[in-house]
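> okay, structure incoming, though there's no sequence with it:
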């Protein structure tokens, strides 16, 4: 109970902030200096995982520890979907948050990690309300959209936000039978459906992720009701990572002010090269249940 | 009275339900103009490095120091307490509005975060008796106190709720509970 309180509470502290993927201590320091509220330590950013096309796993503990030593802000790291042993290892390392991520190759096609048995908090991806609520029921302290990682194309993140928002909104008009059916259909307890309906949002912090590449993308995510953003490949695949990183953080602060967003967006150099969904060999968002 | 919520990063929106329950007007502060529109300020939990950076870059550090020195009631929570401190990790702090030293994340990383019961005798005057649920998240440790700083609560031996004149700091998070008495105490400063 207390663990749940401090873990969900910790996620509240990330809000209105940007969590950045980093692959080296040097990148972690660039992210921290640019105003990241946390970093995600991983060996390859999603764009490179996508390009390499091999099995992608938890990063080397030595690499994660080097990043933990390099910065004072919280450090997250990724495990494969369902890989409870990678999760135990990251917990033993003392990372601040674990991302059970579709960006890595899934380890289990029928089950996600039972996160209730861990002291360390987890964040998980969701494309729709049911997926998000199943993750919360398994013990996730935080959610994010899946989007389509490593593409620099925000269209899938937008699709996931629109879907989740519409599904939560639809709960409002449902009678008790309808809500019971929604619980059964989504394979979650009715109490979780009721709580979501009452709060008119997921009952945990929910960030946008997957394809965010520019300050305008980040501001749009905030305007669509997201609590903050993850930026993966968008920073260190851009022409000027430090400037892009800082601009995206500023855009999350000033998302309500288009004049400031224009200033923030000016002269950043080239954003990462984006990809059309139709060109992709692998759709990461479809991983997980 | 308008309570400002410093809105550069972190859990500033979490205070809205408490202030609404007390019928207190509030406003998010993101720039020097916004600072002029408020009569009090809550510096929320979040990442102190991020808030420190943008207080400087958005030109708010000096105006905020002046407002606090001029008597504006201010409450720093966790990261906010770090920003108010005179020294942080042995170096000069940001706002230096409370003569105290803090050490960031002194108790450890997230696995060391805890809920601990807190006794706060001064809140008994407002009709609330403890213990309160003290939610500590990667909390800073107040390691030394200067002249005039009053300790309202301790956990183990460490001060966790301190005040000097109209500036108060908690290293735990009342905004993550449904308790409103800390907000009531703040608006009474």
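In hand now; what should we look at? Note that this is a predicted model, so its numbers are computed, not measured.
> hang on, residue B:76 in a strand?
Yes - using DSSP: H, G, I helix; E, B strand; the rest coil, the assignment for residue B:76 is a strand.
> mind checking pLDDT for it?
On pLDDT, residue B:76 comes in at 98.
> what about it, distance to chain A?
14 Å (C-beta to the nearest C-beta, to the nearest Å). Every residue, glycine included, has its C-beta placed from N, CA and C.
> tell me the bridge partners for that residue.
Beta-bridge pairing of residue B:76 under DSSP bridges involves residue B:43, residue B:169.
> next up, the contacts around the residue minimising distance to the centre of chain B.
Centroid-nearest residue in chain B: residue B:76, 1.5 Å away (criterion: C-alpha atoms, centre = their mean). Residue B:76 sits next to B:42, B:43, B:82, B:83, B:84, B:98, B:167, B:168, B:169, B:170 when contact means C-beta atoms under 8 Å, 6 or more residues apart in numbering or on different chains.
> ok, residue A:232 next?
By C-beta under 8 Å, 6+ apart, the contact list for residue A:232 reads A:20, A:21, A:40, A:45, A:46, A:47, A:103, A:149, A:150, A:209, A:210, A:212.
> give the contact list for the residue nearest to residue A:197 when sequence neighbours are not counted.
In this structure, residue A:197 finds its nearest non-sequential neighbour in residue A:171, 4.0 Å apart by C-beta to C-beta, 6 or more residues apart in numbering or on different chains. By C-beta under 8 Å, 6+ apart, the residues touching residue A:171 are A:179, A:182, A:193, A:196, A:197.
> now, which of those residues lie within helices?
A:179, A:182, A:193, A:196, A:197 (DSSP state H).
> of the residues you listed, which is the most crowded?
Using other C-beta atoms under 10 Å in any protein chain shown as the neighbour criterion, residue A:193 leads the ones in helices among the contacts of residue A:171 with 25 neighbours.
> nearest residue to it other than its sequence neighbours?
Spatially, and ignoring its direct neighbours in sequence, residue A:193 is nearest to residue A:183 (4.7 Å; C-beta to C-beta, 6+ apart).
> mind checking pLDDT for the residue in the stretch 151-289 of chain A that chain B sits nearest to?
Here the residue of the stretch 151-289 of chain A nearest chain B is residue A:253; by C-beta to the nearest C-beta that distance is 5.8 Å. pLDDT, residue A:253: 98.
> got the phi/psi numbers for residue B:5?
Residue B:5 adopts backbone torsions of phi -110, psi 110, taken as degrees, to the nearest 10.
> neighbours around it, how many?
24.
> kindly state the beta-bridge partners for it.
Taking DSSP bridges as the rule, residue B:5 bridges to residue B:28, residue B:42.
> near chain A, which residues of chain B are found?
For chain B, the residues in contact with chain A (C-beta under 8 Å from any C-beta of the partner chain) are B:7-14, B:30, B:45-47, B:49-50, B:53-54, B:78-79, B:104-105, B:108-111, B:113-115, B:133, B:135-138, B:173, B:176.
> now, of those residues, which are buried?
Taking 16 or more other C-beta atoms under 10 Å in any protein chain shown as the criterion, what is buried in these is B:7-14, B:30, B:45-47, B:49-50, B:53-54, B:78-79, B:104-105, B:109-111, B:113-115, B:133, B:135-138, B:173, B:176.
> so which of those sit within strands?
Of these, the ones assigned to strands by DSSP state E are B:114, B:115, B:133, B:135, B:136.
> wait, the first one touches residue A:2, no?
Yes - proximity of residue B:114 to residue A:2 meets the contact threshold set by C-beta atoms under 8 Å, at 6.9 Å.
> show me what from the stretch 151-289 of chain A comes close to chain B.
Residues of the stretch 151-289 of chain A lying near chain B by C-beta under 8 Å from any C-beta: A:249, A:250, A:253, A:254.
> how about the contacts made by residue 186?
Using chain A. Neighbour list for residue A:186: A:129, A:130, A:133, A:134, A:193 [criterion: C-beta under 8 Å, 6+ apart].
> actually chain B
Taking C-beta under 8 Å, 6+ apart as the contact definition, residue B:186 lies against B:40, B:42, B:73, B:75, B:168.
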